[in-house]
Structures are given as C-alpha cells and as structure tokens.
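Undergrad: below is the structure, and that's it, no one-letter string:
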Ligand SMILES: Cc1ncc(COP(=O)(O)OP(=O)(O)O)c(N)n1
Ligand SMILES: Cc1nc(C(=O)O)sc1CCOP(=O)(O)O
Ligand SMILES: [Mg+2]
C-alpha cells in the first residue's frame, strides 16, 4: 500500500514537472522564438522521461486520479489566475522544480541513484530559469537616443524626448550631468510616463536608485560605476542592465559579468564625452564575437552612419546629432531611414 502510494506521488509529480517544462518550452519557442532555449528545455523533459521509463508499469498501476482529493481543490482555486506571460513562466519553472524535488525525495526510498539523477535535472532547470530571465531582458533593436540639455539649443529634455518619440525612436536613455538631483528626478518621472504612454523603452543613466524609483526598463552604468553583479542584486531579475565598454577585453568581461547589453564606443571622436575614440575595428570585433545586444555609440552622425550600419550592430546611438538638431523629429526620421 505504502509503495503504491509512493509511485502515485512520483507519477503525479513527473507529469507536473514535464507539463511545467512544456509550458516554458512552448513560450520560448513560439513567443520568444528562441530555438536554443526551447531545445534545452525539451532535452531536460526527454531525459526525465527516459530515466524514469522503467518505472512506467508501477506508475500506471498506482495512477488513480478519480480518487485524487487534490482535484476538487485545484478546480475551485483562483490562486492560479495570471496576469502576464512572465508570471506564467515563473510559476511553471517553480512548478517543475517543486515537482522534481518531490520525485527526488520519494525515490530516495526506492532508487537512490535515480533520485540523484532527478536532482541533476532539477539543477538544470534552475540554470535554465536564470538564462530564461536573461533572454527576456533584451532592449529593442533600432535607434537609441540619449538626452542632454547642454546640446539641445535651449530646449529642455522633456521637449527633446517628445520630438524623438514623434520621429519614431525605439529607446531613450535619460542622461543629464548638469542638473541638481531633485530636478532630475522630476524630469525622469515625467519622461518615464511619456515613454510608457508611447511604448518606448526607457533607460536611466548612472542613477540606479532613480531607475528603481520610476520602474525604468533599464539602467546604464560605466566601467567605473558599481559592478554589474551588485547592480543586479539591487535591481532584481527584470530590469535591463547596460554597461559601457571601450575594448574587446571589457566586452568579453561584460558578457561574463551578466550585462544585458553593452555600449561599444566611442567609435568616432566625440565632444559629448571625454573618452578617446576606439575606431571601427572594435565595432567589427563586437559584431563577430559578442552575442548579447550591443549599441554602437560615439561621434555617429548622419554623414558617417553608413559606416556603422554596414557593420550590423544591434542598435545605434546618437546624442548630439539628435538633440542638437534644429528639427529633432525630422532628424530621427532621416537617421531611421538611413539605417
Ligand atoms: C548606450 C550608452 N553607452 C555608453 C554610455 C556611457 O556611459 P558611462 O561610461 O557611464 O559615461 P556617462 O554616460 O555616464 O558619462 C552611455 N551612457 N550609454
Ligand atoms: C555618452 C557616451 N558614451 C560613450 C561611450 O563610448 O561610452 S560615447 C558617448 C557620447 C556620444 O555622444 P555623441 O553621439 O554626441 O558623440
Ligand atoms: Mg555613467
């Protein structure tokens, strides 16, 4: 009787684990179009089924879902209502992990080696959950604009942002070195609202605390700022973290450290920032070797943007060429047409 009930628990939890994995696998495949992630998940699901295949007979004999007292509970339960795909993913990763843990514990009574195998599969699911979160955290491709009143010919950052959005920009970063903090916070709150209303991705430069305060989509830090691993601890798993890099070594390290995207530059000489230009070779290195999103930046203008776009960066970022333009909206439109 006891052993039949153990197999019943194992049976129910193997099904639960595989169903949970199947849900995230299908989202990876059909929503995120990430074949690699879907295939890793499928691999774990198949290997769980394969390593427990010899238990099939016992599992079927023990199956008795009509008498399962949990069925009534789960039918009348509204706790599993979900309001976003992310919540569904998180819940199904947890479901798979918890179910595998139960299988593992029960197998300790009958097959210790198999219990260890299942433990291994559970750890794979933890790793895949981390990678999944990383996969979700990706900036939109396209044109990336940065604010800066100093270059804006008398217009304020909010006016510039409205114009950039009217021109169809995909990403906006708030970067403002000149203002008192309180003023910046008010401006950031307003720009955050405008970006949200217009479905434009919003990133805050330097200020991790303000990025958290306004629930920005991302935060951007430099080589001398807080380390990526510490930023991640502060901002949690959902916020994008961008890191400036100026050499292949810094780019490779940024990937290892868990940056979600990197700035690659300054490609051409610029007066917007006091960093020597690194040239197109570094952009070429990134195109060939860096498999996270990267943004080409630094000295990029309408007249040289062709040299950037032929090297196929994930995104292109211009500051003074956009906010310094007489007609920001028209300039954004021209740049977009050029890339
Ligand atoms: C997209 C992007 N790339 C690089 C930078 C520069 O960041 P950082 O090195 O921290 O310098 P400041 O911008 O803070 O002066 C960036 N902001 N955005
Ligand atoms: C803010 C910034 N960061 C850079 C980097 O390479 O890290 S270059 C840069 C300034 C880019 O401005 P513009 O488009 O006016 O040259
Ligand atoms: Mg910075």
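TA: Done, it's in. All values reported here derive from a predicted model rather than from experimental measurement. Ligands and ions are numbered 1, 2, ... in the order given.
Undergrad: excluding sequence neighbours, find me the nearest residue to residue 227.
TA: residue 257 (7.2 Å; Cβ to Cβ, 6 or more residues apart in numbering). C-beta: built from backbone N, CA, C; applies to glycine.
Undergrad: that neighbour contacts residue 230, correct?
TA: No. Using Cβ atoms under 8 Å, residue 257 makes no contact with residue 230, being 10.3 Å away.
Undergrad: so between those two, which is more surrounded?
TA: Neighbours were counted for residue 257 and for residue 230 using other Cβ atoms under 10 Å; residue 257 has more, 15 against 12.
Undergrad: ok, the more buried one - contacts?
TA: 227, 228, 229, 243 (Cβ atoms under 8 Å, 6 or more residues apart in numbering).
Undergrad: you'd agree residue 241 is up against residue 234?
TA: No. Here residue 241 does not reach residue 234: they are 9.8 Å apart, not a contact under Cβ under 8 Å.
Undergrad: tell me which of those two has more neighbours.
TA: Legend: neighbour count by other Cβ under 10 Å for residue 241 and residue 234, higher for residue 241 (25 against 14).
Undergrad: and the helix or strand harbouring that one, anywhere near ligand 1?
TA: In this structure, residue 241 sits in strand 240-245 according to DSSP states H and E. Yes. Against ligand 1, strand 240-245 shows contacts by Cβ under 6 Å from any ligand atom at 242, 244.
Undergrad: what comes up buried for the following helix or strand past that strand?
TA: Heading C-terminal from strand 240-245, the first helix or strand you meet, by DSSP H and E, is helix 248-257. The neighbour-count check on helix 248-257 (16 or more other Cβ atoms under 10 Å) flags 248, 250, 251, 253, 254, 255 as buried.
Undergrad: go through the residues you listed and name the one nearest residue 63.
TA: residue 255 (46.4 Å; Cβ to Cβ).
Undergrad: that closest one contacts residue 293, correct?
TA: No. The pair residue 255 / residue 293 is not scored as a contact, 10.9 Å apart, by Cβ under 8 Å.
Undergrad: contacting residues for the nearest residue to residue 62 once chain neighbours are set aside?
TA: Nearest residue to residue 62, sequence neighbours excluded (Cβ to Cβ, 6+ apart): residue 7, at 3.8 Å. Neighbouring residues of residue 7 by Cβ under 8 Å, 6+ apart: 55, 58, 59, 61, 62.
Undergrad: so residue 7 is in which element?
TA: helix 2-30.
Undergrad: if we go by neighbour counts, what in the following helix or strand past that helix is buried?
TA: Using DSSP H and E, the helix or strand that follows helix 2-30 in sequence is helix 35-51. By neighbour count on 16+ other Cβ under 10 Å, the buried set for helix 35-51 is 37, 38, 40, 41, 42, 44, 45, 48, 51.
Undergrad: how much space between the closest residue in space to the fourth one that isn't next to it in sequence and residue 38?
TA: Read that as residue 41. Spatial nearest neighbour of residue 41, chain neighbours left out: residue 25 (3.9 Å); criterion: Cβ to Cβ, 6+ apart. From residue 25 over to residue 38 the distance is 5 Å, taken as Cβ to Cβ, to the nearest Å.
Undergrad: what's the answer for residue 275, then?
TA: Taking Cβ to Cβ, one finds residue 275 at 40 Å from residue 38.
Undergrad: same check, this time on residue 201
TA: Distance, residue 201 to residue 38, using Cβ to Cβ: 25 Å.
Undergrad: so residue 337 is in which element?
TA: Counting by DSSP H and E, the element that carries residue 337 is helix 328-338.
Undergrad: the closest residue to residue 331 other than its chain neighbours in helix, strand or coil?
TA: Nearest non-adjacent residue to residue 331, counting by Cβ to Cβ, 6+ apart: residue 325, 3.8 Å away. Here residue 325 is recorded as coil under DSSP: H, G, I helix; E, B strand; the rest coil.
Undergrad: per-residue pLDDT, residue 325?
TA: At residue 325, the model reports a pLDDT of 97.
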